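K.L.:
from the sequence below, what's the structure:
(chains A, B, C and D)
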There are 2 protein chains.
Amino acid sequence: MPSTTGAKTTVTIREVASAANVSIATVSRVLRGHETVTDSTREKVQRAVEELRFTPSRLGRSLAERRHAANGIVFPDLSGPYYAEVVLGYEAVASDLERSVVILSTHGRAAPREHVLDLAGRVDGMVLMGRTVPDAVVLEVAARGVPVVVLARQPISVSDLPVDHLPIDSVNADNTTAAAELARHLTAGGARRPVFVGTPASSPDVDERWSSLHATFAEAGVELATTIPADLSEDEGRRVGTELLSAHLSSWRDGPAAPAPDAIICANDELALGLLDVLRTGGVRVPHDVAITGWDDVMAARWAGLSTVSQPMRDLGATAARRLDARIRGDNTPAQHIRLDTELVVRSTSTAPKRS
Amino acid sequence: MPSTTGAKTTVTIREVASAANVSIATVSRVLRGHETVTDSTREKVQRAVEELRFTPSRLGRSLAERRHAANGIVFPDLSGPYYAEVVLGYEAVASDLERSVVILSTHGRAAPREHVLDLAGRVDGMVLMGRTVPDAVVLEVAARGVPVVVLARQPISVSDLPVDHLPIDSVNADNTTAAAELARHLTAGGARRPVFVGTPASSPDVDERWSSLHATFAEAGVELATTIPADLSEDEGRRVGTELLSAHLSSWRDGPAAPAPDAIICANDELALGLLDVLRTGGVRVPHDVAITGWDDVMAARWAGLSTVSQPMRDLGATAARRLDARIRGDNTPAQHIRLDTELVVRSTSTAPKRS
DNA sequence: CCGGTTTCTGTAACCGGTTACATTTGGTCA
DNA sequence: TGACCAAATGTAACCGGTTACAGAAACCGG
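P.N.:
Okay, the predicted model is just below:
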């Protein structure tokens, strides 16, 4: 019976081998369930493994097998439900496929090249989200032979790829369709002077939303003229709300003295919620005076009655994980660009047609 | 000038060595900035490294150095802000310390022993959250010589530790103080028939909250008699809400026909929010008829006006990461058990003293 | 110009596994 | 019983780095 005190020494396959009086090759075979091993030998080895509480070193194994059995993912943040859900969906699938997940958060900024490359050295493939990694680095990783899937950003354009390059898949939520739907919903509600809050350049998703809104409003003869830059946080929403309030309050309160926005489309929910709070507190009637919308459909949006767009967040992660797995297994077909459906969720911050 | 086409072959240190016409030892020295190397040699090597776009293999390096430069963390879930923030705080610190983070989510259930041990083989130390890992497995990991810090669960009791064992630190939010404060707040508001919603056995945190509430109510001569088991989700809140509604609606509506609860303390915010929604929709006046409280202070709680308790989530992760780093560096002092402060946040679901 | 240092570089033995190939063992059949 | 073949096991060469130690080169003063 083995002693219970924590042995400090790490046992290796050689010690097991000599304890069982066989060669290391045989131990390895037993461990992998490999080839044919005599029952009696197998038992000897298994007994030794148990007594020594042996667990093979992952490093040794990975080095020999030339695979990590791990996937990487780079994302900007984990606050807010969006990225958390994506990562969770990714982890769930990866875990089912017997792969560990190594994460790298860039905490808002772009990931340092060395960190991304270090990650690349620890995994069999990785997912890169949004603007966390510049195209040049994406290509560099792929050039090292590490499969890459990009998520929530535009695909790597084929012309950028060297000929003998690994295909780089992309997975995205369909911002375009939902944004168009949103624009039509708002014009139908009477919006003529919409405003966008958010920084299109900051994220590919935001960029797509803006473009599609702009185009769809234009079709209805409405111009999405103003874009107010803002980060994707509640505080930023408050800031913008305060500015709008001081600029347009009299107009909203006392009728159209000056042309005030009649719809404020925010790049995400946090932004919209902060803004909504400030405007309502300031006496603005939403949606009567102005409609407000967000994006993502976070839990708080339900409580605030915020109109928004819901995305299949977990599915985004899961789909990326599956695509990546295919590439790791050697799938060499042309790059796929997958779009997942989103859904417009109309609640009380945008319903009523206004100022008929 | 190097060709731009993605070379399929992995370059190794030996190839760099022969390209630079030196030995692999010298290449290694240059790479690590180690010992003394002549300037001219260093340059030769660096040129070769650049031309071959060489990056040392992390596996090879880790195997030789006998360190992974990675930390693990096991958590139940990532939906809801709680764990996400904890993980984020953990990642931020680990990243500053030049360590990657390998995650393992148990998706609500307990982690399979093999998964935890596999993780243990990939990292220099790991954090285990809540009930994700049974004590026996925690000890097994520690016995392998992998430093462990437990988070959001009671410490491993010293008597369970073999003598020559690594110390196991713990980091927790102070559930006890906040729960006591909450109980006093509610009794001051007039609560005499409080009910707890949640399953104490499901998580150490919930257990602590329940115990402290129970004890503090008792001091005021109030008995926390009823505990309604429920998972920590909004849906569960709805379910429980519906049950309570059908059991007590007439009492709440038409006066104290039968003894209905006058305070419902939920184990977390999601639960409380679901419950709150159902009760309010059902015509129950909160807090007039009944007070409702949650725990965690998620964003939606602000919008719902939910009274709750806020925790230093990011700090929990960060603190655990620092403690773990100390252990990895060889700190061998007795186990520390760190408690971080929490704060009672009183909003509109519990303010008014009721039924004077 | 030589022996003794000092400084740089190379050789080779690790780290802990996997696996191709060689070798041994044991069984079958003539 | 011996020849032959298949099955079981062992040997050793990897995987890609680090580093102790030894050897070579350069420098120094006498």
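K.L.:
how close does the nearest residue to A:Tyr83 once chain neighbours are set aside get to A:Thr342?
P.N.:
Closest residue to A:Tyr83 apart from its sequence neighbours, by CB to CB, 6 or more residues apart in numbering or on different chains: A:Phe75 at 4.8 Å. Every residue, glycine included, has its C-beta placed from N, CA and C. Distance, A:Phe75 to A:Thr342, using CB to CB, to the nearest Å: 19 Å.
K.L.:
next one: A:Ile24
P.N.:
For A:Ile24, the distance to A:Thr342 - CB to CB - is 55 Å.
K.L.:
looking at the two, which one has more neighbours?
P.N.:
Between A:Ile24 and A:Thr342, counted using other CB atoms under 10 Å in any protein chain shown, the more crowded position is A:Thr342 (23 against 14).
K.L.:
next up, phi/psi of the more buried one, please.
P.N.:
With angles defined as degrees, to the nearest 10, A:Thr342 sits at phi -120, psi 170.
K.L.:
tell me the contacts of it?
P.N.:
A:173-175, A:177-178, A:309-312 (CB atoms under 8 Å, 6 or more residues apart in numbering or on different chains).
K.L.:
check the gap between it and A:Phe217 for me.
P.N.:
Where A:Phe217 is concerned, A:Thr342 sits at a distance of 18 Å (CB to CB).
K.L.:
and what of A:Leu52?
P.N.:
For A:Leu52, the distance to A:Phe217 equals 71 Å [CB to CB].
K.L.:
more neighbours, these two?
P.N.:
Neighbours were counted for A:Leu52 and for A:Phe217 using other CB under 10 Å; A:Phe217 has more, 26 against 17.
K.L.:
quick one: contacts for the more buried one?
P.N.:
A:183, A:187, A:194, A:223-224.
K.L.:
regarding it, what is its secondary structure?
P.N.:
helix (DSSP: H, G, I helix; E, B strand; the rest coil).
K.L.:
so how far is A:Trp210 from it?
P.N.:
11 Å.
K.L.:
can you check A:Val133 too?
P.N.:
Relative to A:Trp210, A:Val133 is positioned 22 Å away (CB to CB).
K.L.:
report the secondary structure state of A:Asn172.
P.N.:
Per three-state DSSP, A:Asn172 ends up strand.
K.L.:
bridging residues for it?
P.N.:
Beta bridges link A:Asn172 to A:Arg339, judged by DSSP bridges.
K.L.:
can you tell me how far A:Leu128 is from chain B?
P.N.:
Remark: distance between A:Leu128 and chain B (CB to the nearest CB, to the nearest Å) = 15 Å.
K.L.:
the helix or strand harbouring that residue: partners in the sheet, and parallel or antiparallel?
P.N.:
In this structure, A:Leu128 sits in strand A:125-129 according to DSSP states H and E. As defined by DSSP bridges, the strand partners of strand A:125-129 come to strand A:70-75 (parallel), strand A:148-151 (parallel).
K.L.:
check which element follows the host helix or strand of A:Glu91 along the chain.
P.N.:
Using DSSP H and E, A:Glu91 maps to helix A:81-96. Using DSSP H and E, the helix or strand that follows helix A:81-96 towards the C-terminus is strand A:100-105.
K.L.:
buried residues in whatever helix or strand comes next after that following strand?
P.N.:
For strand A:100-105, the following helix or strand on the C-terminal side (DSSP H and E) is helix A:113-120. Neighbour-count burial for helix A:113-120 flags A:115-120 (criterion: 16 or more other CB atoms under 10 Å in any protein chain shown).
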